[in-house]
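**Q** the sequence and its predicted three-dimensional model are supplied below.
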Amino acid sequence: STTIRLEPPPPSLDPSSLVILLLGTATAAAAAHFGAAHQARAAVRAAAAAARGAAPPAEDAGFALDAQTALGFLVMATLFLLGLYALLALGFDVVVLLLVWLFVLASVPALATLVLTPSIAFAAGCSLPRALVDALLRPLTVRLPASLGGRVDTCALELCALALAAAVGVLWYVERRAPWAWVLQDVLGATLCCSFLRTLSLPSLRVGAVLEGAMFCYDIFMVFVSPAIFHASVMMTVATAGAPKASIGAAGVCERSEGEKMPMLLLVPRLLDGGAGRYAMLGLGDVVLPGLLLAFARRLDLAAAAQAVREKAAGPEVAERGAASAARFGRRRAPPSYFALTVGGYAVGLGLALAANAFHVTVNGVEGQPALLYLVPCTLGAIVAHAARRGELGAVWAGTPLADAVSAGFDGDDGSEGAEYEEHKMLN
């Protein structure tokens, strides 16, 4: 008789896993860092505008989540994913192409606003004559149909940046199947993550725990539990949709379609075990959702710096009483900070998810891993543990340090924009 021994496949170890770990961590950390700085400045400017009875600047528009909105986000994400799954099951693969178009439409303005506009402003300020710089920054009004708002106040510099970003988006769309297109996709995806983390924020750890806990359960259900209901993993089916297909046509000829890749991914080509066309990947949601916690942690550090500034301005007696707290809280004075620990937690969580994939960990017949299964405990746990160790868990849970920081007037400046363009925004 013949004995057949079934053994698990060998680990799929590839340098691309390390690259995607570094890329994902760097993207989440950078997006959270700059997003938190923007939100800190926006909160101070909004408070100053309210004191004058004026409206806050339009560029500071953002949205602070609450517990109800977080649960609503869970419902919308569930309905959206199940809708995609149903359409794909019915053969409507065109929905993947629609997502590609949406990705381009969302990422182009983000690239223009966050990268190209400040970069062009900095380069222009360093190398162009003052008269030309003034011409680039001169206010312009673009007339639009009433359904699109009627008018947009802008300047030539912003229009140049938007045109260049649109060219990058079109180039990626046209060449998205080229071997090098993953580089542009990663750039567009990273700027999209930065845009989300500038716009959305967590006002307290309580809201963060509700949101991250809900999405933690959502990710596990859609990957590991859904096969018991739908006979396939909903998340894995949607994530791998648009793969190339081959079929025999009516004339008996093999017909191949190139298919479409899901665009909401950071990609790195596999170098050893995949061959051409295979990638290590990380969903943008696995950057943005934990990134909200990273941005919250960074804002806690900025709030601590604001507290130190307030104590210093209040006089030597107050400063002396708050010296120990200021030393602990200070902006990079006494690491580790909330932000550093949470970024470390993100890296550990993502590393565990990639290791589980590399060693083919299988649950309920599904080999793919829900990254939030590892990322949420490692990032949320880092904040909770650090706050508890410092005796600040109650205040951080309620978001008290962030509310106090606004009154201190700390601007959270990160130096991310060209000086000429910043001056233009302040004057207009």
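**A** Everything's here; your move.

**Q** residue ranges for the strands of the stretch 201-350 of the chain, please.
**A** Using DSSP state E, counting those that start in this stretch, the strands of the stretch 201-350 of the chain run over 245-248, 254-257, 265-269, 279-283.

**Q** and residue 24, what does it touch?
**A** 266, 282, 286-287, 350 (Cβ atoms under 8 Å, 6 or more residues apart in numbering). (C-beta placed from N, C-alpha, C; glycine too.)

**Q** filter the residues you listed down to the buried ones.
**A** Among the contacts of residue 24, those classed as buried by 16 or more other Cβ atoms under 10 Å are 266, 282, 286-287, 350.

**Q** those helices in the stretch 151-300 of the chain, which residues are they?
**A** For the stretch 151-300 of the chain, helices defined by DSSP state H, counting those that start in this stretch occupy the ranges 156-174, 181-199, 205-220, 227-230, 234-239, 285-314.

**Q** and residue 40, which of these is closest to it?
**A** Closest of those to residue 40 is helix 285-314, at 5.0 Å (criterion: Cβ to Cβ).

**Q** for residue 345, see how far away the closest residue to residue 344 other than its chain neighbours is.
**A** With Cβ to Cβ, 6 or more residues apart in numbering as the criterion, residue 344 has its nearest non-adjacent residue at 6.9 Å, and that residue is residue 382. To residue 345, residue 382 is 4 Å away according to Cβ to Cβ, to the nearest Å.

**Q** and for the closest residue in space to residue 211 that isn't next to it in sequence, the neighbour number?
**A** Spatial nearest neighbour of residue 211, excluding adjacent residues (Cβ to Cβ, 6+ apart): residue 70 at 3.7 Å. Using other Cβ atoms under 10 Å, the number of residues around residue 70 comes to 21.

**Q** ditto for the one 10 residues further on
**A** Using other Cβ under 10 Å, residue 80 has 11 neighbouring residues.

**Q** could you say which helix or strand contains it?
**A** Element membership for residue 80 (DSSP states H and E) is helix 67-89.

**Q** packing partners of that helix?
**A** Here helix 67-89 touches helix 94-111, helix 205-220, helix 234-239, going by 3 or more Cβ pairs under 8 Å, 6 or more residues apart in numbering; DSSP states H and E.

**Q** mean neighbour count added to these, as a markdown table?
**A** Formatted as a markdown table, the helices and strands packed on helix 67-89 follow (neighbours: other Cβ atoms under 10 Å):
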| stretch | mean neighbour count |
| --- | --- |
| helix 94-111 | 18 |
| helix 205-220 | 21 |
| helix 234-239 | 20 |
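
**Q** what's the closest of these to residue 312?
**A** helix 205-220 (26.9 Å).

**Q** would you mind writing the CA trace of the closest one as PDB?
**A** Output of helix 205-220 as PDB, limited to C-alpha atoms (Å, rounded to 0.1, in the frame of the first residue of the first chain):
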ATOM      1  CA  LEU A 205      -9.500  56.900  22.900                       C
ATOM      2  CA  ARG A 206     -13.100  55.900  23.700                       C
ATOM      3  CA  VAL A 207     -14.200  56.600  20.100                       C
ATOM      4  CA  GLY A 208     -11.000  55.000  18.800                       C
ATOM      5  CA  ALA A 209     -11.700  51.800  20.800                       C
ATOM      6  CA  VAL A 210     -15.200  51.700  19.400                       C
ATOM      7  CA  LEU A 211     -14.100  52.200  15.800                       C
ATOM      8  CA  GLU A 212     -11.100  49.900  15.900                       C
ATOM      9  CA  GLY A 213     -12.900  47.200  17.900                       C
ATOM     10  CA  ALA A 214     -15.800  47.200  15.400                       C
ATOM     11  CA  MET A 215     -13.400  47.000  12.400                       C
ATOM     12  CA  PHE A 216     -11.400  44.300  14.100                       C
ATOM     13  CA  CYS A 217     -14.500  42.100  14.300                       C
ATOM     14  CA  TYR A 218     -15.500  43.100  10.800                       C
ATOM     15  CA  ASP A 219     -12.200  42.000   9.300                       C
ATOM     16  CA  ILE A 220     -12.200  38.700  11.100                       C
END
